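**Q** Got a sequence here, can you build the structure:
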Amino acid sequence: MRDRKSCLSALIICLIFSWTVGAQTFRRLSFDALVQSSDYIIYGRVIQSHSLYDSSTRMNWTQTEIQVLDGPKGQIGSTVVVTEPGGIVNGVGELYPGSPQFHADQEIVVFLYRASGNRLRVTGAVQGIYAVTLDRQTGERWVQPSAPPQEVIYEEGSPYEKNVRAQAPGVDRLNRFLYSIRQKASNR
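**A** Modelled structure (predicted):
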């Protein structure tokens, strides 16, 4: 019982620390780079997630099964399993800042690459996930990046001002977003 309380306390401290830090360090990818560096891009619905311990990497991993609703890049089956580091196995929790987390019935557009161990991973950490929401009044689906917007500070008129414009798209209609991905993927 004491070990379980210690483990739970450590997990809570890690979660609080990760929320207070709030920032992850990862290379910011442009939308074009995100499309080009992904082997597969899918629009899908999360079915379920579960964690397991991998003795070869000596890490916990979370596997998430996603039903494929559309595949604008790459040939893939009707479901995919995305594997990301972290999770809770036998009371031992591991948390990796920036690792995507999924929820059952969540609709997403996810950018994937084939990693070592024949795992499908999310390209660019949370940058590779776009949440899909339904506008109940119009019936349209919209996408929005899951990654926090890039904060850029520059002095007006400086030579850096021109470089600020290469950012990922914001909120967009799902059908237009998927069309844009198909166009960029076909220009390889």
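**Q** would S180 count as being in a helix?
**A** Yes - using DSSP: H, G, I helix; E, B strand; the rest coil, the assignment for S180 is a helix.
**Q** Against L34, how distant is it?
**A** Going from S180 to L34 by CB to CB, to the nearest Å gives 11 Å. To be clear about C-beta, it is placed using only N, CA and C from the backbone, and glycine gets the same treatment.
**Q** next one: V46
**A** Counting by CB to CB, the separation of V46 from L34 is 20 Å.
**Q** ok, these two, which is more surrounded?
**A** More neighbours surround L34 than the other of V46 and L34, with 21 against 18 (other CB atoms under 10 Å).
**Q** Where does that one sit: helix, strand or coil?
**A** Per three-state DSSP, L34 ends up helix.
**Q** how about it, what does it touch?
**A** 111, 123-124, 127-128, 168 (CB atoms under 8 Å, 6 or more residues apart in numbering).
**Q** going on from the helix or strand where Y130 lies, what's the next piece of helix or strand?
**A** Element membership of Y130 [criterion: DSSP states H and E] is strand 129-134. Moving toward the C-terminus from strand 129-134, the next helix or strand (DSSP H and E) is strand 141-145.
**Q** can you give me the offset of that following strand from its chain's centre?
**A** Chain-centre distance of strand 141-145: 13 Å, with CA atoms, centre = their mean, to the nearest Å.
**Q** which residues are in contact with it?
**A** 107, 109, 127, 129-135, 168-175, 177.
**Q** I'd like to know how many residues surround T57.
**A** Neighbours around T57, by other CB under 10 Å: 12.
**Q** Just to check, it is in contact with R119?
**A** No - taking contacts as CB atoms under 8 Å, T57 lies outside contact range of R119: 9.9 Å.
**Q** mind showing which ranges of this structure have poor pLDDT?
**A** In the predicted model, the chain carries pLDDT under 70 at residues 1-26, 149-169, 188.
**Q** Let me see the ranges of the helices in it.
**A** With helices called from DSSP state H, the chain shows them at 2-21, 31-36, 174-186.
**Q** For the second one, output the C-alpha coordinates as CSV.
**A** Listed in CSV are the C-alpha atoms of helix 31-36, where the atom choice follows Å, rounded to 0.1, in the frame of the first residue of the first chain:
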residue,chain,number,x,y,z
PHE,A,31,3.0,22.7,-42.2
ASP,A,32,4.8,21.8,-45.4
ALA,A,33,7.6,20.0,-43.4
LEU,A,34,5.0,18.2,-41.3
VAL,A,35,3.3,16.9,-44.5
GLN,A,36,6.5,15.9,-46.2
